[in-house]
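Asker: could you look at this predicted model? Sequence included:
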Amino acid sequence: MAGFTLNSNSFNGQVPLENVYHDFGAGGGNKSPDLSWSGAPEGTKSFMIICHDPDAPGPGGWWHWCACDIPAEVSSLSTGDSTTAMPSGTIELKNSYGSAGYGGSCPPPGDEAHPYHLTIFALKTDKLGIDAGASPAMMLFVASEHIIGKAGVTAFYAR
């Protein structure tokens, strides 16, 4: 969708340490990145966010963040909002680490830099009708018929 854009002051180019996972020797702050978006398509009733690393070991990559039912009037999130200050009604699913909300970048030591694709989707529905126990695959499946636009940013990280 032309005109629909996603921006971050910190999560662009390279993943900053504040957005890196805090465990497995990664030593980051594990805070969700700041985001702002504009130009959502007409008819947008909610937003959905995913952050995915397709190069993670194992099939299907690694889900770092999956959130849906973000109200249409919201156009930004501050650093660290995941699990602490998300807009009312937002549902955050479990990430691949097994915890709800954002889980930072943590590629295996020695790997080439992994891409972390952060995508926001504009949806033509207020609610997806899923709960926090749904899988990322189920969220994307349910959302597929409601997507009217998407925008994204990609940042890279290696350790």
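Answerer: Received the coordinates, thanks. Numbering: from 1, shown residues only.
Asker: how far off centre is the helix-or-strand element of the chain with minimal mean pLDDT?
Answerer: Here the helix or strand of the chain ranked lowest by mean pLDDT, DSSP states H and E is strand 13-14, holding a mean of 94. Chain-centre distance of strand 13-14: 16 Å, with Cα atoms, centre = their mean, to the nearest Å.
Asker: over to stretch 63-83?
Answerer: 7 Å.
Asker: one more: stretch 16-24?
Answerer: Here the centre of mass of C-alpha atoms in stretch 16-24, compared against the chain's by Cα atoms, centre = their mean, lies 15 Å away.
Asker: cool, and stretch 116-131?
Answerer: Taking the mean of its C-alpha atoms, stretch 116-131 sits 10 Å from the chain's own mean (Cα atoms, centre = their mean).
Asker: just the buried positions in whatever helix or strand comes next after the least confident helix or strand of the chain, please.
Answerer: On the C-terminal side of strand 13-14, the nearest following helix or strand under DSSP states H and E is strand 35-38. With burial defined by 16 or more other Cβ atoms under 10 Å, the residues of strand 35-38 counted as buried are 35, 37. Any C-beta I mention is one placed from the backbone N, CA and C, and that applies to glycine too.
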